[in-house]
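# no sequence on this one, just coordinates:
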């Protein structure tokens, strides 16, 4: 059983940067694919970014390409989401997720474990 705890969210202004962290415990972190998803008020949860076991493959939703970077440190059991040039439309609760069944995945149904989420609010 893998437990995930996100941190780093907050209130920032448009154009600012923020780094989210997701600490994993209770399992072999290096063997799981990791992803970040977000859910804005009144909207469905959407895929943001994913990274494979080794950290050498990543995918992003088009709306964040060039602004967000996902990375992982397997020695620290932590995955990060570096967000820059933030926009008001990035406002959402951000969730990290872990998948034991996929090497890398953009669809939520591949993910077995989810964190509780961290709020990111971008004021314009």
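That came through, no problem. Here the structure is a predicted model, which means the values were calculated and not measured.

# Would you map the strands across the protein?
Chain-ordered strands for the chain, with DSSP state E as the definition, fall at 3-7, 10-13, 18-25, 33-39, 46-51, 58-60, 68-73, 78-83, 92-99, 113-114, 118-123.

# buried stuff in the fourth one?
Taking 16 or more other CB atoms under 10 Å as the neighbour-count basis, strand 33-39 is seen to contain the buried residues 33-38. In this view, the C-beta of every residue, glycine as well, is placed from N, C-alpha and C.

# and what of the second one?
Counting neighbours by 16+ other CB under 10 Å, one finds that the buried residues in strand 10-13 are residue 12.

# picking up where we left off before, could you export the buried residues of strand 33-39 as TSV, including distance to residue 54?
Output for the buried residues of strand 33-39, formatted as TSV (distance: CB to CB, whole Å):
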residue	distance to residue 54
33	10
34	12
35	15
36	18
37	21
38	25
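
# ok, the residues you listed vs residue 82, which is closest?
If you rank the buried residues of strand 33-39 by distance to residue 82 using CB to CB, residue 36 comes first, at 10.7 Å.

# my read: the closest one touches residue 48, true?
Yes - between residue 36 and residue 48 a contact is recorded at 4.3 Å, counting by CB atoms under 8 Å.

# any common contacting residues for those two?
81, 94 (CB atoms under 8 Å, 6 or more residues apart in numbering).

# before we move on, the earlier item: and which of the buried residues of strand 33-39 is nearest residue 93?
Checking the buried residues of strand 33-39 against residue 93 by CB to CB gives residue 38 as the nearest, at 6.6 Å.

# So the closest one sits against residue 95, correct?
Yes - if you go by CB under 8 Å, residue 38 and residue 95 touch, sitting 7.0 Å apart.

# shared neighbours, these two?
Between them, residue 38 and residue 95 share these contacting residues under CB under 8 Å, 6+ apart: residue 45.

# In stretch 87-102, which residues are buried?
Within stretch 87-102, the residues that qualify as buried are 90-99, 102, counting by 16+ other CB under 10 Å.

# Could I get the contacting residues of the closest residue to residue 120 other than its chain neighbours?
By the measure of CB to CB, 6 or more residues apart in numbering, the closest residue to residue 120 outside its immediate chain neighbours is residue 9, 4.8 Å from it. Under the criterion of CB under 8 Å, 6+ apart, the contact partners of residue 9 comprise 18, 20, 94, 118-120.

# Good, wrapping up.
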